[in-house]
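*Asks:* pasting the structure only:
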């Protein structure tokens, strides 16, 4: 039996979760206060995932030069830096709306990179 | 300019937006938001990380997304706002003096004012860190703006002092963008940030968190070349001989936020131990009709709570101007007022006073604790009677706490003059 | 061929240049740094001393009192703030009275007007926050406070407007005697060398004045950088004292004072420590601790928690503790303006006049026609009435855009600071001219705005904007450059 101690990142509460494993399979999850915590813990010990946020260059806006973006869901932790690599050099033109897809299926994760801000065109 | 029942909202960040929306929905007709930046949304526009809105929207949003939802609502409700507009003064009679390049200098005689100016970061000078004064020393928020709004790298090799949330978030942000973050030093034996941020901003990237450490020297003539980090003893002062030099070109400071109340002070608003105005249950300051909410009142950990608080302020402001129009002003004399007293490990409370006649059926009292406590009870006393006693596995200064009190409980106890909130071992 | 080359655009060099600009002289000021006012002149107490400290009969005493007397007219001409707030030297025990009496008599010998001893009761009425221990004080009504940056910058600007050339980023690396004067070599940061010929050299090089002096003088000198640490507090604390409050002076100087600044902040300092390196501008823990400890001895309730910045300055101290101003007998045309430590700032107008007088005796130039006595100050919209300010914004909308929130500095002021002669080219340059970034958040909010304006006005990229010249970059590259 192996025990792993985790801090849940699902919400600001930051529950201390203990995951008990036997031969790499999860026996029990304890310490979480909500079901999200259990989901997080199960993923975290087997295949941890994160949301990645960053910016890309936006043109034709008088207010913004940077368009904030995020992965529209979690991606494997190991792919964070290749995701950043994929964002390098990306330039979009205003107008952009929150939720617009900037990169589809980033790094083969099945997750899109989407805009997180609406940027109007400079008229 | 404008009629006397205008609610003027100073600041178009998360507090100002939520206050405006709520005031409008509660019947206020004349509302004006004055925002000093070039767009609404305040500091959320540079907080591009996720983690906002779980309470409010039941989903995790980034800062711009969270702000965006409120901005859209403000626009949909047709609430007027002025950008690039700096409020220069608020007089005790609620005359707001502001300035921008289109309208010039102008005055508004407001019916009510909602203070939503937010907070600012403590600079290096406030800590008196000795050393040289090269370029490359930034408060974490400034670095965040330079990166996320302007698109620049503030440096390549970074040390961060202070483990507040902005410091932690910036550690990850810099790492992702190709900088090397050598360490995060924290004066206290615990982090001032959220636990989840330590996991996903530091642990994920192997960035060491040095608790009970501080920067004791800054070196470099032109640009930062290195900083010395020393251990801190139990008395909070550096232990001689423990200094270790870290080569870096940038030092970020995330050493605390200060509610920005210069305007409040000019208006004659009394400030309390939060650094923000002393308010009653209606989030009204000592000046009738001047309300405060968000980080100008007390520094929040979550923007969701800012929105919630601001919505209350907006509602009360709407009620206030409605009363004004009915000639109901200053009916407060002789009303029963109950003090809210923080004690034994509770650093402050918001609000500071409660008028049972004016309060809602339930009132949330927010507070922060002075230290990290494990297995502690949060107790609420009405007078001498303990009415709440809730066990908490851990409470920490970095996280806001809250208790709820019921109006009926106060009405049932007409002699109670004091609500005490304290931590107890058992 | 120049008539005069002034080495150093600190307050002495600038004062000399301004005086010289009244005459038909071809003058060049060579400044090692990226801006004027970057050495000792930028980091000092900003006090206009009354003149009771220096030994009677000394040049220091003479120029102090003269400089003090010149200040009102000068500041009016330069449109810079100056306030005679008066100073108090406080003693906290009966033994101190002897020292006070000594200062009083010294001051009277030096020609300081209005000096008198005030007793506890009057003192407490003048300064409610004076220490409970204070027994009496020497009151000098003629002492004042000034912005050291603006005095230096405005004099340089005025000289510039009157035809004086200024070369910045131009450190002098060698001076050689020529047939009819001197050849002054400048070595730029990129290694290129330039030689300027001149009839007269004025050595106003601050802590480096010994280097040039020793090239020609038989009697060598050593300028010891004597460091002073300061703590500056928020404007909210500015009203703690009205006068400049000194302790009794000691062997290392006038002691740690508490005073309002002319801009309304409160400050405490300086310490006084001789250090090895002229390039060492670091504050130390000991130094700051000393300021914090000592400032409370004479003034109570000093709100050190309201500190917004700390800094240190190096006094150009010479063991003889006297200004060294004069033409070297062994090097005709080489004029020292060296060892200018406190009260150097106060004395600067008189120093400029004295240096100029020496030059006149050598070169006998004619008076310049159309010399502009007045320098137009940077318009501070806060001094205008509501209506005036509105008219200004109508005409120049940039005066309606606040860039630095804490100090309320508008884009209009920033543009003025950049566009004038010897205008600001760096963030520190803006700070010293219009106080952008000098407030309680210390440029936390306005750094990006200032960068944008500087880049736009100077025709450079924002990445090229610096804090104070070469090496002091603010940002490096764009996001993701390194990934």
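*Replies:* Sure, I can see it. All values reported here derive from a predicted model rather than from experimental measurement.
*Asks:* Contacts for stretch B:303-314, please.
*Replies:* Under the criterion CB atoms under 8 Å, 6 or more residues apart in numbering or on different chains, residues B:7, B:14-24, B:26, B:28, B:44, B:52-56, B:63, B:66, B:70, B:114, B:116, B:282-283, B:291-295, B:297, B:300, B:350, B:364, B:366, B:400 lie in contact with stretch B:303-314. The C-beta positions use only the backbone N, C-alpha and C, and glycine is treated the same way.
*Asks:* Filter those residues down to the buried ones and hand me the PyMOL line.
*Replies:* Selecting only the buried entries of the contacts of stretch B:303-314 in PyMOL, with 16 or more other CB atoms under 10 Å in any protein chain shown as the criterion:
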select buried, chain B and resi 7+14+15+16+17+18+19+20+21+22+23+24+26+28+44+52+53+54+56+63+66+70+114+116+282+283+291+292+293+294+295+297+300+350+364+366+400
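*Asks:* Mind checking which of the contacts of stretch B:303-314 land in helices?
*Replies:* B:14-24, B:54-56, B:63, B:66, B:70 (DSSP state H).
*Asks:* if we can go back for a sec, and the contacts of stretch B:303-314 near chain A, which?
*Replies:* Residues of the contacts of stretch B:303-314 in contact with chain A (CB under 8 Å from any CB of the partner chain): B:54, B:63.
*Asks:* Run a quick neighbour tally on residue 2.
*Replies:* With no chain named, the answer covers chain A. The local packing of residue A:2 (other CB atoms under 10 Å in any protein chain shown) involves 11 other residues.
*Asks:* actually it's chain C I care about, not the one you picked
*Replies:* Neighbours of residue C:2 (other CB under 10 Å): 19.
*Asks:* For it, give me its contacts.
*Replies:* Shown in contact with residue C:2 (CB under 8 Å, 6+ apart): C:26-28, C:196-199.
*Asks:* Show the buried residues in these.
*Replies:* C:26-28, C:196, C:198-199.
*Asks:* Which one of those residues is nearest to residue C:320?
*Replies:* Checking the buried ones among the contacts of residue C:2 against residue C:320 by CB to CB gives residue C:198 as the nearest, at 27.6 Å.
*Asks:* that older thread, could I get the buried ones among the contacts of residue C:2 in a markdown table, plus columns for distance to chain A and pLDDT?
*Replies:* Shown next, in a markdown table, are the buried ones among the contacts of residue C:2 (distance: CB to the nearest CB, whole Å; pLDDT from 0 to 100):
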| residue | distance to chain A | pLDDT |
| --- | --- | --- |
| C:26 | 47 | 98 |
| C:27 | 45 | 98 |
| C:28 | 42 | 98 |
| C:196 | 44 | 98 |
| C:198 | 48 | 98 |
| C:199 | 53 | 98 |
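*Asks:* so of those residues, which ones are in strands?
*Replies:* Applying DSSP state E to the buried ones among the contacts of residue C:2, the entries found in strands are C:27-28, C:196, C:198-199.
*Asks:* got the residues you listed as JSON lines, with distance to residue C:260 columns?
*Replies:* As requested, these are exported to JSON lines (distance: CB to CB, whole Å):
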{"residue": "C:27", "distance to residue C:260": "36"}
{"residue": "C:28", "distance to residue C:260": "38"}
{"residue": "C:196", "distance to residue C:260": "42"}
{"residue": "C:198", "distance to residue C:260": "42"}
{"residue": "C:199", "distance to residue C:260": "44"}
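*Asks:* Could you measure from residue C:69 over to chain B?
*Replies:* 35 Å (CB to the nearest CB, to the nearest Å).
*Asks:* so residue 17 is in which element?
*Replies:* Just so you know, I chose chain A. strand A:16-22 (DSSP states H and E).
*Asks:* Actually, chain C is the one I wanted.
*Replies:* Here residue C:17 is assigned to helix C:11-20, by DSSP H and E.
*Asks:* Spit out the contact partners of residue C:99.
*Replies:* C:91, C:248-249.
*Asks:* could you flag which of those residues are buried?
*Replies:* C:91, C:248.
*Asks:* Looking at the contacts of residue C:99, spot the one nearest chain A.
*Replies:* The shortest gap between chain A and any of the contacts of residue C:99 belongs to residue C:249, at 55.4 Å (CB to the nearest CB).
*Asks:* Just to check, that closest one is in contact with residue C:53?
*Replies:* Yes: at 6.2 Å, residue C:249 counts as touching residue C:53 under the criterion of CB atoms under 8 Å.
*Asks:* quick check, the lowest-mean-pLDDT helix or strand in chain B touching chain A?
*Replies:* Scoring the helices and strands of chain B by mean pLDDT, DSSP states H and E places helix B:195-197 at the bottom, with a mean of 89. Yes: counting by CB under 8 Å from any CB, chain A is contacted by helix B:195-197 at B:195-196.
*Asks:* Need the residues that contact that helix.
*Replies:* With CB under 8 Å, 6+ apart as the criterion, helix B:195-197 contacts A:7-12, A:14, B:51, B:165, B:168-169.
*Asks:* and residue B:263, what is it in contact with?
*Replies:* Per CB under 8 Å, 6+ apart, neighbours of residue B:263: B:10, B:87, B:89-90, B:115, B:117.
*Asks:* Going by neighbour count, list what's buried in stretch C:441-456.
*Replies:* C:441-451, C:453-454.
*Asks:* anything in it near chain A?
*Replies:* No: Stretch C:441-456 does not reach chain A (CB under 8 Å from any CB); its nearest approach is 10.6 Å.
*Asks:* pLDDT averaged over that stretch - what is it?
*Replies:* Across stretch C:441-456, pLDDT averages out at 96.
*Asks:* Next one: that stretch, is it in contact with chain B?
*Replies:* Yes: for stretch C:441-456, a contact with chain B is found by CB under 8 Å from any CB, at C:441-445, C:447-448, C:451.
*Asks:* Mind listing residues that contact that stretch?
*Replies:* By CB under 8 Å, 6+ apart, stretch C:441-456 touches B:120-121, B:123-125, B:138-139, B:141-142, B:145-146, B:149-150, C:308-309, C:403-406, C:409, C:411, C:414-415, C:418, C:424-427, C:430-431, C:436-437, C:460-462, C:464-465, C:474-475.
*Asks:* how far is it from where the chain is centred?
*Replies:* 24 Å (CA atoms, centre = their mean, to the nearest Å).
*Asks:* again with stretch A:111-123
*Replies:* 17 Å.
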